[in-house]
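Colleague: here is the input, now give the coordinates:
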Amino acid sequence: MTSSAEHTPERPDGAAAPDASAAPARRGRVRARRAAVMAVPATLAAASLAVLTAQGALGVQFAISGMPFTVTATELNGTGFAQFGGLDEMAEGSPNAGDTGGQVLVVTSVIKNATLSKLCQSVDLGGTNLVIRAGEGAQKVSASDLTTDSTELTGDAAFNNIEIGNDASTLNKAGPKGRGPKGVFSQQSDTVHIANLRQTNYATTAGVFKLPGLKLGFSGSGC
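Modeller: As a prediction, this is how the structure comes out:
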């Protein structure tokens, strides 16, 4: 007697049904990470005062390098704030992918208009750091539609008229770029203030980004 496992089941139209066991293992990892996106903002709600900036979509709209960079500022002030979970994707075959499948789970936030004092950004290149500084004088760094995809955020934060638990697709305080995927937990507020900001980021975008007193160079230490 031949077992049923030796026969390929057929669909009503006579074509062979797809073999579920042939699905790539990576597909399962992707589903697991996308499920994790739904859970991330629940954690943010418990730590909702340790947040900052990023973009209104499921991550940024370009392939990230996969190299994290540090951003610090003594003070950030913003109007129109939104935040939700997201996934960033590296270029296919990126040497930085490791065992992540080329995906990074991030905190995606948006600030419609922001100013930052004493901004520092650095990336470790292996033995040296590329460092950017700006806004160290009387003029502050300013940005519109400032977005950052982050894995770590620290600082002393305060919000005005905060809403926690929104569906990310319904957010309206940070403009069109401040909306996320439907069904994802999110939060938003009229204003945000963060002192002693420190972030680990994988991407930043902005409509306009003004960096007074810009200094770029290499250093043995980062921000």
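
Colleague: any idea of the pLDDT on the residue nearest the centre of the chain?
Modeller: What sits nearest the mean C-alpha location of the chain, by C-alpha atoms, centre = their mean, is residue 149, with 2.3 Å. On pLDDT, residue 149 comes in at 96.

Colleague: please renumber the chain so that the first residue is 6 from this point on.
Modeller: Fine by me, first position is 6 from now on; the one you just mentioned is residue 154.

Colleague: hmm, it is touching residue 113, no?
Modeller: Yes: assessed by C-beta atoms under 8 Å, residue 154 is found in contact with residue 113 at 5.6 Å. No exception for glycine: its C-beta is placed from N, CA and C like everyone else's.

Colleague: picking that back up, please, which helix or strand holds the residue nearest to the centre of the chain?
Modeller: Per DSSP states H and E: residue 154 is located in strand 146-165.

Colleague: tell me which residues in that strand are buried?
Modeller: Buried positions in strand 146-165, judged by neighbour count with 16 or more other C-beta atoms under 10 Å: 146-155, 158-160, 162, 164.

Colleague: kindly report the same for stretch 89-102.
Modeller: 89, 90, 91, 92, 93, 94, 95, 99, 102.

Colleague: what's the answer for stretch 124-138, then?
Modeller: 124, 125, 126, 127, 128, 134, 136, 137, 138.

Colleague: next helix or strand past the strand or helix carrying residue 78?
Modeller: For residue 78, the enclosing helix or strand under DSSP H and E is strand 74-94. Per DSSP H and E, the first helix or strand lying C-terminal to strand 74-94 is strand 108-122.

Colleague: who are the contact partners of the residue nearest to residue 120 when sequence neighbours are not counted?
Modeller: Leaving out its chain neighbours, the residue that sits closest to residue 120 by C-beta to C-beta, 6 or more residues apart in numbering is residue 145, at 4.4 Å. Residue 145 makes contact with 120, 121, 122, 217 under the criterion C-beta atoms under 8 Å, 6 or more residues apart in numbering.

Colleague: for these, which single residue is the most surrounded?
Modeller: With neighbours taken as other C-beta atoms under 10 Å, the top of these is residue 121, carrying 27 neighbours.

Colleague: for it, give me its contacts.
Modeller: Counting by C-beta under 8 Å, 6+ apart, residue 121 has contacts 78, 80, 81, 140, 145, 146, 147, 148, 202.

Colleague: next, format the residues you listed as JSON lines and append distance to residue 179 and pLDDT.
Modeller: Below are the contacts of residue 121 laid out as JSON lines (distance: C-beta to C-beta, whole Å; pLDDT from 0 to 100):
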{"residue": "78", "distance to residue 179": "19", "pLDDT": "98"}
{"residue": "80", "distance to residue 179": "20", "pLDDT": "97"}
{"residue": "81", "distance to residue 179": "14", "pLDDT": "98"}
{"residue": "140", "distance to residue 179": "22", "pLDDT": "97"}
{"residue": "145", "distance to residue 179": "20", "pLDDT": "97"}
{"residue": "146", "distance to residue 179": "18", "pLDDT": "98"}
{"residue": "147", "distance to residue 179": "16", "pLDDT": "98"}
{"residue": "148", "distance to residue 179": "12", "pLDDT": "97"}
{"residue": "202", "distance to residue 179": "18", "pLDDT": "97"}
